[in-house]
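Visitor: Any chance you can model this:
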Amino acid sequence: MTTEIKNTTTDYKPHTGTDLHSSENKFADKKDEFMQKGAEAYAKTEEAVSQAYDKTSQTVNEGVTYAKNYTQQYPERTALIALGIGFGLGLLVAGSVDRRSSYRGRFAQPLLDAAYDVAYAFLR
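Guide: The predicted structure is shown next:
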């Protein structure tokens with residue numbers, strides 16, 4: 001294996017004005033290419049976000065419409081479901097404030113299970 005050692009004094013070529021101008025052109029070309037790719041990526045991202053927003057908005061609107069129709073068709077069920085949810089949340093909040101976990105386990109969990117069963121029976 002042979003190793004060549006270059007003589008740095010004879011191999012040195014100083015940059016001339018044309019070399020510098022050529023480097024500036026290459027840099028400008030790369031900069032323009034980078035800017036174009038960045039603009040394309042931004043446009044694609046903007047389109048994807050716009051489509052996701054439109055799809056989410058449509059889904060939420062459909063859900064709200066369904067909930068309004070369900071409420072109008074079954075007002076009693078809706079009231080019982082809301083009552084059960086409110087009762088269950090109240091027990092959870094009261095249980096988290098109360099330091100006695102035995103209270104939560106003895107009373108809250110069976111009531112939450114019953115509220116869940118009632119809500120499930122009405123939604124079937």
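
Visitor: hey, let's count contacts and neighbours off CA atoms from now on
Guide: OK.

Visitor: Next, residue 74: phi, psi?
Guide: phi -130, psi 70 (degrees, to the nearest 10).

Visitor: Per-residue pLDDT of it, please?
Guide: Turning to residue 74, the model gives it a pLDDT of 91.

Visitor: and residue 87, how many residues sit next to it?
Guide: Residues near residue 87, counting by other Cα atoms under 10 Å, number 16.

Visitor: quick one: it and residue 44, what's the gap?
Guide: 47 Å (Cα to Cα, to the nearest Å).

Visitor: and if you look at residue 75?
Guide: For residue 75 relative to residue 44 (Cα to Cα), the value is 46 Å.

Visitor: isn't residue 78 right up against residue 71?
Guide: Yes. Residue 78 is within contact range of residue 71, at 5.9 Å (criterion: Cα atoms under 8 Å).

Visitor: of these two, who's got more company?
Guide: The neighbour comparison of residue 78 against residue 71 (other Cα under 10 Å) goes to residue 78, with 18 against 14.

Visitor: can you tell me how far that one sits from residue 67?
Guide: For residue 78, the distance to residue 67 - Cα to Cα - is 10 Å.

Visitor: same question, residue 57
Guide: For residue 57 relative to residue 67 (Cα to Cα), the value is 15 Å.

Visitor: Residue 117 too?
Guide: From residue 117 across to residue 67, the span is 20 Å (Cα to Cα).

Visitor: Equivalent analysis for residue 73, please.
Guide: 10 Å.

Visitor: Equivalent analysis for residue 53, please.
Guide: 21 Å.

Visitor: Please apply the same query to residue 121.
Guide: From residue 121 across to residue 67, the span is 18 Å (Cα to Cα).

Visitor: cool, residue 55 as well?
Guide: For residue 55, the distance to residue 67 (Cα to Cα) stands at 18 Å.

Visitor: residue ranges with poor pLDDT in the protein?
Guide: Along the chain, the model assigns pLDDT under 70 to residues 1-21, 95-108, 122-124.

Visitor: Could you list every helix and strand in contact with the longest helix belonging to the chain?
Guide: For the chain, the longest helix by residue count, based on DSSP state H, is helix 17-73. The helices and strands touching helix 17-73, judged by 3 or more Cα pairs under 8 Å, 6 or more residues apart in numbering; DSSP states H and E, number zero.
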